[in-house]
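Peer 1: Quick one: sequence and predicted model below, then my questions.
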Amino acid sequence: MSPVPPQRNLDDVVLVGLIANGDQTAFSKFMSANLKQLTVFTTRFLATRSDGEDVAQQVFVDVWQKAHTFDGNKASPKTWLYTIARNRCIDVIRKRQLRQMVGLDDKTFDLFVDAPSPTQVVENRQELRRTVEALHRLPERQRLALLLSAVADLPVREIARVLKTSEGATEQLLVRARKRLRQAVAFETRP
């Protein structure tokens, strides 16, 4: 993982400050720079493309409405953004659980969010499916830590801030998540 260059982080701080003052151009730049990666994160976390896209859009509505609450002394703009996304994803999961409890579950589960291109072989598709399934069977905090690392490319200290844990605890979550994921995929590939 490469850390975010200081200039990029400073640019993001300036953009969020401008967004807080209602600057639509700054908002467009910030959203353009972060929307694709954030959508991948939310989609992988929630396991459905439609929920992931919806949450990513809601996150940017929150950014527009809450930019004035951003404190650059507490977190980087990217950490702040992914904290909002994490909270939104957890809200969606809680609503799903409530719907299941009252019998309103729609059973939607899109395993092929980022399906391999048509030129890739069948084995790669099966491996991807097994990996995505194994990822969604990880405990929520391990899955979240792994996605923040792999998809959002956040360093451990930033992931720790999002998860509100120590860096050591975050490193352990990542180690356990990677180990469980490797074991699950290896187990499923045995004949």
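Peer 2: Sure thing, it's come through. Note that the structure is predicted; figures quoted are calculated from it, not measured.
Peer 1: From here on, just use CA atoms for contacts and neighbour counts.
Peer 2: Fine.
Peer 1: For the protein, give me the ranges with low pLDDT.
Peer 2: For the chain, the stretches with pLDDT under 70 are 1-10, 98-125, 128, 187-191.
Peer 1: let's see it at 90
Peer 2: 1-11, 47-48, 72-74, 90-138, 140, 143-155, 177-191 (pLDDT under 90).
Peer 1: Give me the residue at the spatial middle of it.
Peer 2: Geometric centre of the chain, nearest residue: F41, 2.9 Å, by C-alpha atoms, centre = their mean.
Peer 1: Give the next helix or strand downstream of the host helix or strand of W64.
Peer 2: In this assignment (DSSP states H and E), W64 forms part of helix 49-66. The element immediately downstream of helix 49-66 (helix or strand, assigned by DSSP H and E) is helix 77-101.
Peer 1: which residues sit against that following helix?
Peer 2: 9, 12-13, 16, 38, 42, 45-46, 55-56, 58-59, 62-63, 70, 105, 144, 148, 154, 158-159, 161-163 (C-alpha atoms under 8 Å, 6 or more residues apart in numbering).
Peer 1: Next one: V185 from W80, what distance?
Peer 2: Computed as C-alpha to C-alpha, to the nearest Å, the V185 to W80 distance reads 32 Å.
Peer 1: Setting the sequence-adjacent residues aside, check what's closest to D62.
Peer 2: I84 (7.7 Å; C-alpha to C-alpha, 6 or more residues apart in numbering).
Peer 1: Repeat that for L144.
Peer 2: Per C-alpha to C-alpha, 6+ apart, closest to L144 is F45, 6.9 Å.
Peer 1: what's the answer for T170, then?
Peer 2: A160 (5.6 Å).
Peer 1: One more: L154?
Peer 2: Using C-alpha to C-alpha, 6+ apart, the nearest residue to L154 is L148, at 5.9 Å.
Peer 1: I figured that neighbour hits F41, correct?
Peer 2: Yes: between L148 and F41 a contact is recorded at 7.3 Å, counting by C-alpha atoms under 8 Å.
Peer 1: how much distance is there from the strand or helix carrying R143 to the middle of the chain?
Peer 2: R143 is located in helix 140-150, with elements delineated by DSSP H and E. Chain-centre distance of helix 140-150: 8 Å, with C-alpha atoms, centre = their mean, to the nearest Å.
Peer 1: re earlier: the residue nearest to the centre of the chain and T48: what is the separation?
Peer 2: 11 Å.
Peer 1: Fine by me, thanks again.
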